[in-house]
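The following comprises the amino acid sequence and a computationally predicted model.
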Amino acid sequence: MTDNVPTLYGIEISWPGYRNQPCHGTLVFCDQCEQTHLHGGGSDGSHKVAHCTNEKSRYRDTGYYVKVINWTEKEFRDAFKFVIKARTKKRALLKKGKKR
């Protein structure tokens, strides 16, 4: 991994695909658009092209590496919701002119 390409954390997930054949991928949380992105063929440390919808995303030019963490999908989604809630609160405070 190189210094100029960031690393995002993700989890490996599986789901039934066409004719119930198992599909596998890596789900990552994108801090640039505050969404999760699903990448196929994900193995730990692999480079991914950004799926980010934020046109100003710092990942658009470089993509990112994925570091797989050993969390359940529920733990991952709960952490994702926590981050979104905290960011929303921070934005509201900054809008009111308060800093935390």
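The structure has been received and is ready for your questions. Values in this document were obtained by computation on a predicted structure and should not be read as measured data. Residues are numbered from 1 along each chain as shown.

so how far is R58 from K89?
23 Å (C-beta to C-beta, to the nearest Å). In this view, the C-beta of every residue, glycine as well, is placed from N, C-alpha and C.

residues contacting the residue nearest the centre of the chain?
Taking C-alpha atoms, centre = their mean, the centroid of the chain lies closest to F29, which sits 1.6 Å from it. The contact partners of F29, by C-beta atoms under 8 Å, 6 or more residues apart in numbering, come to L8, Y9, G10, Q35, T36, F76, A79, F80, V83.

The lengthiest helix in the chain - contacts with which helices or strands?
Looking across the chain with DSSP state H, the single longest helix is helix 73-95. For helix 73-95, the packing partners by 3 or more C-beta pairs under 8 Å, 6 or more residues apart in numbering; DSSP states H and E come out as strand 7-16, strand 22-30.

List the neighbouring strands of the last one plus their orientation.
Counting by DSSP bridges, the strands paired with strand 22-30 are strand 7-16 (antiparallel), strand 35-40 (antiparallel).

between the longest one and helix 73-95, how many degrees?
Orientation of strand 7-16 against helix 73-95 (axes from the mean of the first three to the mean of the last three C-alpha atoms, to 10 degrees) gives an angle of 130 degrees.

Buried by neighbour count: which residues of strand 7-16 qualify?
L8, G10, I11, E12 (16 or more other C-beta atoms under 10 Å).

could I get these as CSV with pLDDT and distance to T62?
Output for the buried residues of strand 7-16, formatted as CSV (pLDDT from 0 to 100; distance: C-beta to C-beta, whole Å):
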residue, pLDDT, distance to T62
L8, 88, 12
G10, 87, 17
I11, 86, 22
E12, 84, 23
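
Low-confidence bits of the protein, can you list those?
Scanning the chain for pLDDT under 70 picks out 1-3, 41-44, 98-100.

still on that earlier bit, what's the closest of the buried residues of strand 7-16 to S46?
The closest of the buried residues of strand 7-16 to S46 turns out to be G10 (C-beta to C-beta; 10.0 Å).
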